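Peer 1: Sequence first, then the predicted structure, then my questions.
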Amino acid sequence: MVIKYQIYLLGLIYLTGCSGNSKLPEHFEFIKVSKQKSLSFAQKNLSAYNLFPSSAVYPGSDSILVYNVYHHTLDMIQFKNNTAEVLHGFTLADDGPEAVKIPKSIILTNGHVILPQIHNISVLDNKGKTLKNFSLLKNPAFKNMSNPVFTGTHSHEMGNFNNQYNNESFTYYFYVKDLLSSYSGLFGLDILNDTIVKLPDIFDKNLLDQHEIKYSDGKVTMMKDDFPFILYHDNKIFISYFASSQIDYYDLDSEKSFNISIETYNFESQKSKPKPIPPEKKFSEAMGFNEEWDNEVAFGRLEVLPSEKGYYRFIKGPSVGGAKEFDVFLEIYDIGLTKKSEINLSNLNSDLGLLHFPISSSIVVKAKSQMSDDEFLYYEIMIQDSFFDME
C-alpha cells in the first residue's frame, strides 16, 4: 500500500462579520420556526432521551439513517408532509469477519454505507451486507501509532466527527489520533481501491492539544479529546472545532490550505484552556474538575445549508445557572464563508436544542424538553432563500 504525501501552501485569511464592536444583524425575519412536532417511538425500540448516537441524512432527501443501540440495526426516519415515521432498516452483523461494532458515525454514499468504529471502518452495501472491514491497528498507514482511534468524547449533539465522503473519488475523509502519543493526521480512504492516503495537516494541532484533557490514577485513564469536525463540499475539506470559532479548509484543486479567524458577538470565540488534573485527584473528583470548561461556549460542526447557498453552524452558548441552561445560537455563512448572521435561536424558541438534521428544505431540531421516552419532540427551522439576496 502506498501512502501519498502532498506538498501544500498555507494561506491566512481573516473574515469578520462587521467592523468595530457592532453586532451582526440577526435577521429574524428570514428565519421561521415551526410549531412543536412529535414522532412516536412506541414499538420502535428507539429512545427520545438517549437518541441515536450516530446518524446521517440521505443527500437531498427528507430521510435520515440512524443507529438503533437497542437492536444493533440501522433504521430510517422519514420527515414529510409535517409528519414523520420510523421504518425498520437492516440488522448489522455482530460476529464473524463481517462483524460491525457500535458505529461512531454513519456515512452515506452512492450505493454504500460507511461505518467508522473505534478502531475499524466497515463498508456495507445498501442492503446492510458487510463488504469490507478496514482495521486501523493493522493498516500500514498507521504503523507509527500504538493506539489509533477515530473519534473523541464530546457530545454527539454537536455533530459527528468523521462524516464526509467524496462521491467522485470514492474517498472517505477522516481524522485519526494515537492515544498513546501526540501523533495525529488527516487521511483519505479510497473504498474502491482499498488505499489510504495521508493528507496535509490542515488542522490546528496546537489548538487541539491545548484543549485535550487527560487524567490517570494508575488504574483508570480518562481522556477527553477535542477532535476536529470534517466537512467535504465543493471539492474542499473544511475543518471546524469544538473549542474555537476558527475554520480551516483545504482546496483539493489548488492544493492550498487556508486558516479563517471567525469573529463572534454574543460569546467568546474560544474556550479557555482546561486546567491540568492533578494526579492525586480521585477519579470521581477528576470527572468534574473541568466543569467550568464544560460550561463555556462550544461550537458545533460546520454544515451545508439545505439550499446549498451557504453554510451554518450551531453554537452552545455558555451555561448559566446549570449545565443544561444555555442559549442556542445559529451562525449563517455565504458560500464564500463570509459570516452573515449570528442568531440567538433561544430568543425565537427557548426549547430549541442542539441535535439537528439538515433535510431537503429545513433543519430538524430536537427539542430540549423531551416528555416521554416513546415520543420524540422536535421543530423545523426554515431559512428563506431571500436571506442571501441582501446586500
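Peer 2: Received the coordinates, thanks. Numbers count the residues shown, from 1 in each chain.
Peer 1: how much space between residue 271 and residue 293?
Peer 2: 6 Å (CB to CB, to the nearest Å). (C-beta placed from N, C-alpha, C; glycine too.)
Peer 1: Between these two, which has more neighbouring residues?
Peer 2: residue 271 (23 against 17; other CB atoms under 10 Å).
Peer 1: OK, contacts around the nearest residue to that one once chain neighbours are set aside?
Peer 2: Nearest non-adjacent residue to residue 271, counting by CB to CB, 6 or more residues apart in numbering: residue 243, 4.3 Å away. Neighbouring residues of residue 243 by CB atoms under 8 Å, 6 or more residues apart in numbering: 207, 210-211, 226, 270-271, 298-299.
Peer 1: Serialize those residues to JSON lines and add fields for pLDDT and distance to residue 27.
Peer 2: Shown next, in JSON lines, are the contacts of residue 243 (pLDDT from 0 to 100; distance: CB to CB, whole Å):
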{"residue": "207", "pLDDT": "94", "distance to residue 27": "30"}
{"residue": "210", "pLDDT": "91", "distance to residue 27": "34"}
{"residue": "211", "pLDDT": "89", "distance to residue 27": "31"}
{"residue": "226", "pLDDT": "73", "distance to residue 27": "30"}
{"residue": "270", "pLDDT": "96", "distance to residue 27": "25"}
{"residue": "271", "pLDDT": "95", "distance to residue 27": "27"}
{"residue": "298", "pLDDT": "94", "distance to residue 27": "23"}
{"residue": "299", "pLDDT": "95", "distance to residue 27": "20"}
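Peer 1: List just the nearest of these to residue 200.
Peer 2: residue 207 (16.3 Å; CB to CB).
Peer 1: could you give the mean pLDDT of the helix or strand harbouring residue 197?
Peer 2: Element membership for residue 197, per DSSP states H and E: strand 195-198. Mean pLDDT, computed over strand 195-198, is 90.
Peer 1: try stretch 23-38
Peer 2: Mean predicted lDDT for stretch 23-38 stands at 89.
Peer 1: same deal with stretch 316-329?
Peer 2: For stretch 316-329, mean pLDDT rounds to 87.
Peer 1: Strands of the stretch 51-200 of the chain, residue ranges please.
Peer 2: Counting by DSSP state E, counting those that start in this stretch, the stretch 51-200 of the chain has these strands, from start to end: 55-57, 63-68, 73-80, 83-91, 107-108, 112-116, 120-125, 130-135, 148-149, 164-166, 171-178, 184-190, 195-198.
Peer 1: Direction included, what does the last one pair up with?
Peer 2: Take DSSP bridges as the rule and strand 195-198 pairs in its sheet with strand 184-190 (antiparallel).
Peer 1: Also the longest one?
Peer 2: Sheet partners assigned to strand 83-91 using DSSP bridges are listed as strand 73-80 (antiparallel).
Peer 1: How far away from the center of its chain is the partner strand?
Peer 2: Mean C-alpha position of strand 73-80 versus that of the full chain (CA atoms, centre = their mean, to the nearest Å) differs by 19 Å.
Peer 1: List the buried residues in it.
Peer 2: 73-75, 77-79 (16 or more other CB atoms under 10 Å).
Peer 1: helix or strand right after the strand holding residue 197?
Peer 2: Next along from strand 195-198, by DSSP H and E: helix 205-210.
Peer 1: List the contacts of that next one.
Peer 2: With contact meaning CB under 8 Å, 6+ apart, helix 205-210 is reached by 182, 184, 225-228, 241, 243-244, 246, 273.
Peer 1: if we go to 7 Å?
Peer 2: Contacts to helix 205-210, defined as CB atoms under 7 Å, 6 or more residues apart in numbering, come from residues 184, 226, 228, 241, 244, 246, 273.
Peer 1: How about stretch 295-311?
Peer 2: Contacts to stretch 295-311, defined as CB under 7 Å, 6+ apart, come from residues 158-159, 229, 231, 233, 238, 240-242, 244-245, 247, 267-268, 271-272, 312-319, 323, 332-335, 337, 354, 358-363, 383, 385, 388.
Peer 1: Out of the contacts of residue 243, which end up buried?
Peer 2: Taking 16+ other CB under 10 Å as the criterion, what is buried in the contacts of residue 243 is 207, 210-211, 226, 270-271, 298-299.
Peer 1: For residue 190, name its beta-bridge partners.
Peer 2: Beta-bridge partners, per DSSP bridges, of residue 190: residue 171, residue 195.
Peer 1: Do I have it right that it meets residue 171?
Peer 2: Yes - under the criterion of CB atoms under 7 Å, residue 190 makes contact with residue 171 at 5.4 Å.
Peer 1: Check what pLDDT residue 286 gets.
Peer 2: 81.
Peer 1: Likewise for residue 6?
Peer 2: For residue 6, the predicted pLDDT is 33.
Peer 1: tell me which element the residue of the chain most remote from its centre is part of?
Peer 2: Distance from the C-alpha centroid of the chain, by CA atoms, centre = their mean, peaks at residue 280 (34.0 Å). Under the criterion of DSSP H and E, residue 280 resides outside all helices and strands.
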